[in-house]
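Engineer: quick check, what structure comes out for this input:
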Amino acid sequence: MKYNILFFLLVLFSPFLFAQKTSEKLNHKLDKWYNGNIQLKNGQNINRTFAYNPMTTEGLLKVKEGNKVSTLTVHHVKKFSFYDSLEFRTRDFYPMAVKPGRELFIELIHESNKFLLLCRETVSISHFSYGYYRHALPTTKNQLLKYLYYKEKDEFVNMSKEGLFYCMENRKKLMKKYIKSKNLNLKNNDDIILVLNYYDKLEIIDLQDNN
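Structural biologist: Numbering: from 1, shown residues only. Model (predicted):
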């Protein structure tokens, strides 16, 4: 009888305990604070401690100033950057309209002569029922969306094999051969950068030959 009661209590309260842990993980994920620089659209350049929240559609900055915390959006910010000690690099974010009519905070991964390699992190929340009373518990999912900005056409495309070859149509065969010979993975940023730099190299060689 004693064990039956313990089992019943475990089934009854485990959803609440799980929900609490999930909430704590979510808050920890969204409150990674960095010391960095923020350039505002009004011309101000400030150094602050801030957290970047990717859960909102556009992205959101929570900024500390003394004991106060304020928020900034794409409507206020021209650029923000910080050093990420986990990735050992400085990360730069800009508001960009990768889809027509709406600016989002986008991370600049790499810039070549012809392209920008861009990334946007999103965090979505879904709920599932759990336990005897079918409580709805939140779960989060991180997703990285990558884009190419093609400077010559002033155009954003999804970073995929199709998107890449669309931008490199004039050298499609050469680029396919290069990617295959180097066994490059177009989901890996370092490999994508190699491809972009090789394309730039071919363009420069052609330009020199024509001169």
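Engineer: okay, CA-based contacts and neighbour counts for the rest of this
Structural biologist: Fine.
Engineer: show me the contacts for Gly36.
Structural biologist: Under the criterion of C-alpha atoms under 8 Å, 6 or more residues apart in numbering, the contact partners of Gly36 comprise 47-50, 80-83.
Engineer: any idea which helix or strand carries it?
Structural biologist: Assessed by DSSP states H and E, Gly36 sits inside strand 33-40.
Engineer: now that strand: average pLDDT?
Structural biologist: For strand 33-40, mean pLDDT is 95.
Engineer: so what's the gap between the following helix or strand past that strand and the chain middle?
Structural biologist: Proceeding N to C from strand 33-40, the next assigned helix or strand is strand 45-53, under DSSP H and E. Put simply, strand 45-53 sits 17 Å off its chain's centre (C-alpha atoms, centre = their mean, to the nearest Å).
Engineer: identify the residues contacting strand 45-53?
Structural biologist: Here strand 45-53 makes contact (C-alpha under 8 Å, 6+ apart) with 30-39, 59-65.
Engineer: can you tell me which of these are buried?
Structural biologist: 33-39, 59-64 (16 or more other C-alpha atoms under 10 Å).
Engineer: for the residues you listed, which one is nearest Glu87?
Structural biologist: Using C-alpha to C-alpha, Tyr34 comes nearest to Glu87 of the buried ones among the contacts of strand 45-53, at 13.0 Å.
Engineer: got the contact list for that closest one?
Structural biologist: Tyr34 makes contact with 49-51, 82-84, according to C-alpha under 8 Å, 6+ apart.
Engineer: switch the cut-off to 10 Å
Structural biologist: Applying C-alpha atoms under 10 Å, 6 or more residues apart in numbering, we find Tyr34 in contact with 48-52, 63, 81-85.
Engineer: and the furthest pair within those residues?
Structural biologist: Across the contacts of Tyr34, no pair lies farther apart than Val63 and Ser85, at 19.1 Å, counting by C-alpha to C-alpha.
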